[in-house]
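J.: sharing a model prediction with you, sequence too.
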Amino acid sequence: MPHKDACMQIELYYAPQTRSIRPRWLLEELGLPYQMHPMELFDETMRSRAYRSIHPLGQVPAIRIDGKIMIESVAMCHWLADQYLEKGLAPVHDSPIRKDYEQWMFFLPGTMEPPLMDILMHTVLLPEKYRVPEILPLARRRYTQSLILLNKVLSDRSYLLGETFSVTDIVIGATLRWLPGEMERFEALQDYIQRLDQRPAWQRICRDS
């Protein structure tokens with residue numbers, strides 16, 4: 001059942017330009033109060049015993065909701081949106097577009113993000129001696145296939161589920177920003193990002209980051 005208690009206690013462990021931007025954006029869209037714990041990537045704090053008691057892998061994001069910890073950014077977004085269905089960021093469970101909603105929520109971690117992470121790991125994130133250039137052609141081809149599909153879907157609608165913004169646009173829209181240059185030849189995706197840029201919740205995050 002949706003959570004009707006506006007006093008839900010939420011703490012978000014967050015680092016800019018990471019997956020943690022997804023739940024933060026959603027919290028801003030929902031208008032929920034939350035406490036943010038800024039984290040520094042690759043800092044010793046992330047590997048500390050204290051933080052690993054929160055996130056066992058020493059990663060971000062982690063979220064504490066009424067004393068219970070969740071990890072995995074898409075799971076956080078999926079759960080939170082369902083607690084506040086009256087906010088309209090996720091379709092109700094018997095909606096005819098709920099299947100589309102679930103599809104795009106799982107498209108991100110299942111199809112779109114793996115090749116994107118391969119590209120980032122083997123061009124930017126890993127030390128050069130650990131990079132494997134041979135991975136890149138396949139990763140770029142697979143990521144481009146995702147962009148082609150998204151561009152086609154968004155060519156006749158404003159958002160992934162139609163004309164209404166939803167949490168699918170948060171998880172996918174935030175991730176598209178990781179490699180903005182890859183979208184240069186996709187007009188519908190560029191227009192889509194411009195629409196997302198106009199959302200007050202996104203602008204608040206950009207001002208605070």
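T.: Here it is on my side, so go on.

J.: by average pLDDT, which secondary structure element in the protein comes out worst?
T.: Lowest by mean pLDDT, DSSP states H and E among the helices and strands of the chain is helix 44-47, with a mean of 86.

J.: contacts for that one?
T.: For helix 44-47, contacts defined as Cβ atoms under 8 Å, 6 or more residues apart in numbering pick out 39-40, 51, 58-60. Where you see a C-beta, it was placed from the backbone N, CA and C, and this is true even at glycine.

J.: scan those and report the most crowded one.
T.: The residue in the contacts of helix 44-47 with the most neighbours, by other Cβ atoms under 10 Å, is residue 60 (27 neighbours).

J.: which helix or which strand is home to it?
T.: Per DSSP states H and E, residue 60 falls between elements, in no helix or strand.

J.: ok so residue 165 is a helix residue?
T.: No - Residue 165: not assigned to a helix; according to DSSP: H, G, I helix; E, B strand; the rest coil it is coil.

J.: quick check: it vs residue 86, distance?
T.: According to Cβ to Cβ, to the nearest Å, residue 165 stands 15 Å off from residue 86.

J.: which one of these two has more residues nearby?
T.: Neighbours were counted for residue 165 and for residue 86 using other Cβ under 10 Å; residue 165 has more, 20 against 9.

J.: neighbours around the residue nearest to that one when sequence neighbours are not counted, how many?
T.: Closest residue to residue 165 apart from its sequence neighbours, by Cβ to Cβ, 6 or more residues apart in numbering: residue 159 at 5.1 Å. Burial measure for residue 159: 18 neighbouring residues, criterion other Cβ under 10 Å.

J.: ok, residue 159 touching residue 170?
T.: No - using Cβ atoms under 8 Å as the test, residue 159 is too far from residue 170 to be in contact (10.4 Å).

J.: show me the shaky parts of the protein.
T.: 1-6, 209 (pLDDT under 70).

J.: longest helix of it?
T.: Counting by DSSP state H, the longest helix found in the chain is helix 136-153.

J.: what's that one in contact with?
T.: Residues contacting helix 136-153 (Cβ under 8 Å, 6+ apart): 107, 111-112, 114-116, 118-119, 122-123, 160, 172, 176, 179, 182-183, 186-189, 192.

J.: what packs against whichever helix or strand comes after that helix?
T.: Sequence order places helix 167-176 as the next helix or strand after helix 136-153, per DSSP H and E. Contacts defined by 3 or more Cβ pairs under 8 Å, 6 or more residues apart in numbering; DSSP states H and E place helix 167-176 against helix 21-30, helix 73-83, helix 98-107, helix 187-197.

J.: same for the last one, what does it pack against?
T.: With contacts taken as 3+ Cβ pairs under 8 Å, 6+ apart, helix 187-197 sits against helix 136-153, helix 167-176.

J.: in that helix, what's buried?
T.: For helix 187-197, a neighbour-count test (16 or more other Cβ atoms under 10 Å) marks 188-189, 192-193, 196 as buried.
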